[in-house]
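Visitor: Sequence plus predicted model, see below.
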Amino acid sequence: MTEKIRVLLVDDQQLIRLGFRMVLEAENDIEVVGEAGDGEVAIAQAAALQPDLVLMDIRMPGLDGIAATEQIVHRHPQTRVLVLTTFDLDDYAFGAIRAGASGFLLKDVQRHELLSALRAVHRGDAALSPRITRMLLQHVTPTLGVSGVSAVSPASAVSPASSTVAGVEVAADRGDAAASLLESLTDRERDVFLALARGLSNAEIGDTLFVTESTVKTHVGRVLAKLGARDRIHAVILAHRAGLVVGD
């Protein structure tokens, strides 16, 4: 029997937590293991319950969802955080991604969208479309500290020139950074890494490369491990920082 996805609900409004609980507990593969009404309690509950995923409100009194996300991801890297926001692509949502969240949803999300996003994040995908991924990168890449890759100034963020590193076109002024990322990857892993950088899901990568989704999942795991990336979003930012997605 497949283990259920263990979810911690975090929102300062009890009725919203109740609504999400009713939706999630109607699913055979999801179990709500706990609730929290603020960031401090969320951190404590995450430590005590070790959930697979935290559904996290951003705006809460006291310690907000961004600070709570940062601490939970740091202390429990195996736990994914999916944040809830009132407005699409607002600064709070971007702040949560910088803090380590694996995606974000609007609070008025439809039931099927919530369930799809939750399952996607649990299996290693990010709850972000390619469009949202590109917008996210424009917002966070210049300010997000990523180990092993130096910050890119706005002036050098887009270069008209390009070169080729290990068969991959990159921005000309970032060949060294690209080479350091690519050297440990096999050819297939490089293909998967570049697809990740475009914001594709595992299923979309499988269709693009003509392999099964389970094979893609295996490659994604190896890519993240070799790059020392926390998750897919971290890998995406690494790729863009190194100029591996020219003209994106």
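Guide: The structure has been received and is ready for your questions.

Visitor: Have a look at this structure and report its longest helix.
Guide: helix 213-227 (DSSP state H).

Visitor: what does it rub up against?
Guide: Around helix 213-227, the neighbours that count as contacts under C-beta atoms under 8 Å, 6 or more residues apart in numbering are 123-124, 181, 184-185, 188-189, 192-193, 196, 202-203, 205-206, 209, 229-232, 234-235, 238. Placement of C-beta: from N, CA and C, glycine included.

Visitor: Any buried residues in it, and which?
Guide: Of the residues in helix 213-227, V216, K217, H219, V220, R222, V223, L224, L227 count as buried by neighbour count, 16 or more other C-beta atoms under 10 Å.

Visitor: Between these, which sits nearest V23?
Guide: Looking at the buried residues of helix 213-227 and their distance to V23, the nearest is K217, at 25.9 Å (C-beta to C-beta).

Visitor: Kindly state the pLDDT recorded for the closest one?
Guide: For K217, the pLDDT comes out at 89.

Visitor: The one 5 residues further on now?
Guide: You'll see R222 listed with a pLDDT of 93.

Visitor: now E189: how far from L227?
Guide: The spacing between E189 and L227, counted by C-beta to C-beta, to the nearest Å, is 10 Å.

Visitor: Stretch 232-248: how far from the chain's middle?
Guide: Relative to its parent chain, stretch 232-248 has a centroid offset of 13 Å by C-alpha atoms, centre = their mean, to the nearest Å.

Visitor: Which of the residues in it are classified as buried?
Guide: Neighbour-count burial for stretch 232-248, with 16+ other C-beta under 10 Å as criterion, is recorded at 232-246, 248.

Visitor: Give me the mean pLDDT for it.
Guide: Across stretch 232-248, pLDDT averages out at 71.

Visitor: try stretch 14-26
Guide: pLDDT averaged over stretch 14-26 equals 94, rounded to a whole number.

Visitor: can you list the weak-confidence ranges in the protein?
Guide: For the chain, applying pLDDT under 70 flags the ranges 1, 87-90, 93, 127-179, 245-248.

Visitor: Let me see the ranges of the strands in the protein.
Guide: According to DSSP state E, the chain carries its strands in the segments 5-10, 30-36, 53-57, 80-85, 103-106, 162-165, 168-171.

Visitor: Now render those as JSON lines, adding distance to V23 and mean neighbour count.
Guide: As requested, these are exported to JSON lines (distance: least, C-beta to C-beta, whole Å; neighbours: other C-beta atoms under 10 Å):
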{"stretch": "strand 5-10", "distance to V23": "10", "mean neighbour count": "24"}
{"stretch": "strand 30-36", "distance to V23": "9", "mean neighbour count": "19"}
{"stretch": "strand 53-57", "distance to V23": "10", "mean neighbour count": "26"}
{"stretch": "strand 80-85", "distance to V23": "13", "mean neighbour count": "26"}
{"stretch": "strand 103-106", "distance to V23": "12", "mean neighbour count": "22"}
{"stretch": "strand 162-165", "distance to V23": "46", "mean neighbour count": "16"}
{"stretch": "strand 168-171", "distance to V23": "42", "mean neighbour count": "22"}
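
Visitor: between those strands, which gets nearest to V73?
Guide: Shortest separation from V73 across these is recorded for strand 80-85, at 6.2 Å, computed as C-beta to C-beta.

Visitor: List the residues that contact A68.
Guide: For A68, the set of contacting residues under the criterion of C-beta under 8 Å, 6+ apart consists of V10, G39, E40, A42, I43, M56.

Visitor: Quick check, central residue of this protein?
Guide: Closest residue to the average C-alpha location of the chain: S102 at 2.8 Å, with C-alpha atoms, centre = their mean.

Visitor: okay, now I58: neighbour count?
Guide: 26 (other C-beta atoms under 10 Å).
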